[in-house]
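Asker: what's the 3D shape of this:
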Amino acid sequence: MKVSKLLIAASAAIALSSQVMAEELKFANFTPPFHTINASVIEKLNADLSAATNGELTVRGYHGGELGSGPAEQYIRVLQGAADLAWGLPGYTSSQFGKTMIAELPGAIPEDMPGYQALWRAYDDNLSQEFPGTKPLALWTSEPNIFIMRDKVIRSPQDLKGLKVRVAGATAAEVAKALGATPVQMPISQVYNAMQTGLIDGVITGASTLKDFKLDEVADALTLGAPLGRLAFFTVLNAQVYYDLSSDQQAAISAASGAELSKSAEDAWLATANAALAEASKNSANTIVELSDAEKMAFSKAVSGVVESYVESVDGDDALAAMQGN
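Answerer: Alright, predicted model coming up:
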């Protein structure tokens, strides 16, 4: 009987020890759980870390802004400890991410080059100082930006004159101005209402937003093929949280993050965009413009000076060269 009691006590102690060692990382997501980020990053990270640590390290997504709704404040929430992990757009706080934002410029990353590879090539020597207090787990880019408009069909830069167009960050704002539009910077979560009420005429962003933010409900004109760059994204982990983990847990995070997790996100963004465009093309109420080579050239000429001037303004020649693999 005494032996049985000892075994029970020992089992309880082991169970308690396992509970103490277990760690659940809080992942702040300002978007709904159906957004592309959930399956491609949050759930994938949870599955990979849980498998690698026998369930000792897991990730739980807090969706819809449960840990704080402001999309632009996600990075600071990780620094402050309100969340262990978060994702966001460098463009929402462009001044912090001057060199990272080079990835969003038209032609900075060739169309056939994965954006996540470009960002990681530039990270160590050029971008790392722009991510203080955190450990980036994923860096990636979106599908190519397009014009998503309401009641305005865009076929040339002249069609943008006087229009208010939402942009995510400083680089897209420069592109919009070069094309004659008035840039309006706001989080993507506010675009639906802004388009519906006429506060803006449209948006420069990826087609994935048609599905992820239901812009298909308020837009009726899409223009594809203009050189409008891409969007950049990050997922970051609080650096102190990382350092406080066991060495095995740190190793699991390193194995589950970086290029692998970034590729998962970028591939998912592309898949969402392709599905959204296919769905939009079936709707007879939509006007979808695919620019000819000559029409593309008119846009290219209009934005030709934006890349050079922006890169110079952030002393980003080395970062650009690294992104491009030079």
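Asker: can you pull the buried residues of stretch 193-202?
Answerer: Judged by neighbour count (16 or more other Cβ atoms under 10 Å), stretch 193-202 contains these buried residues: 194, 195, 200, 201, 202. (C-beta placed from N, C-alpha, C; glycine too.)
Asker: if you could redo that for stretch 174-185, that was the one I meant.
Answerer: Buried residues in stretch 174-185 (16+ other Cβ under 10 Å): 174, 175, 176, 178, 179, 181, 183, 184, 185.
Asker: what of stretch 27-44?
Answerer: 27-31, 35-38, 40-42, 44.
Asker: export it as PDB, just CAs?
Answerer: Only the C-alpha atoms of stretch 27-44 are listed here, as PDB (Å, rounded to 0.1, in the frame of the first residue of the first chain):
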ATOM      1  CA  PHE A  27      -0.500  35.100 -30.700                       C
ATOM      2  CA  ALA A  28      -2.300  38.400 -31.300                       C
ATOM      3  CA  ASN A  29      -4.300  38.500 -34.600                       C
ATOM      4  CA  PHE A  30      -6.200  41.700 -35.400                       C
ATOM      5  CA  THR A  31      -8.200  39.900 -38.100                       C
ATOM      6  CA  PRO A  32     -11.000  37.300 -37.900                       C
ATOM      7  CA  PRO A  33     -10.100  33.600 -37.600                       C
ATOM      8  CA  PHE A  34     -11.000  32.900 -41.300                       C
ATOM      9  CA  HIS A  35      -8.200  35.200 -42.400                       C
ATOM     10  CA  THR A  36      -5.300  33.500 -44.300                       C
ATOM     11  CA  ILE A  37      -2.900  34.200 -41.500                       C
ATOM     12  CA  ASN A  38      -4.600  31.700 -39.200                       C
ATOM     13  CA  ALA A  39      -4.000  28.400 -41.100                       C
ATOM     14  CA  SER A  40      -0.700  29.400 -42.800                       C
ATOM     15  CA  VAL A  41       1.100  30.800 -39.700                       C
ATOM     16  CA  ILE A  42      -0.800  30.500 -36.400                       C
ATOM     17  CA  GLU A  43      -2.100  27.000 -36.700                       C
ATOM     18  CA  LYS A  44       1.000  25.800 -38.500                       C
END
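Asker: any residues touching that stretch, and which ones?
Answerer: Applying Cβ atoms under 8 Å, 6 or more residues apart in numbering, the contact partners of stretch 27-44 are 45, 59-71, 74, 77-78, 82-88, 138, 189, 208, 212-213, 235, 256, 261, 264-265, 267-269, 272.
Asker: about what we covered before: among the buried residues of stretch 27-44, which pair sits farthest apart?
Answerer: 30 and 44 (18.6 Å; Cβ to Cβ).
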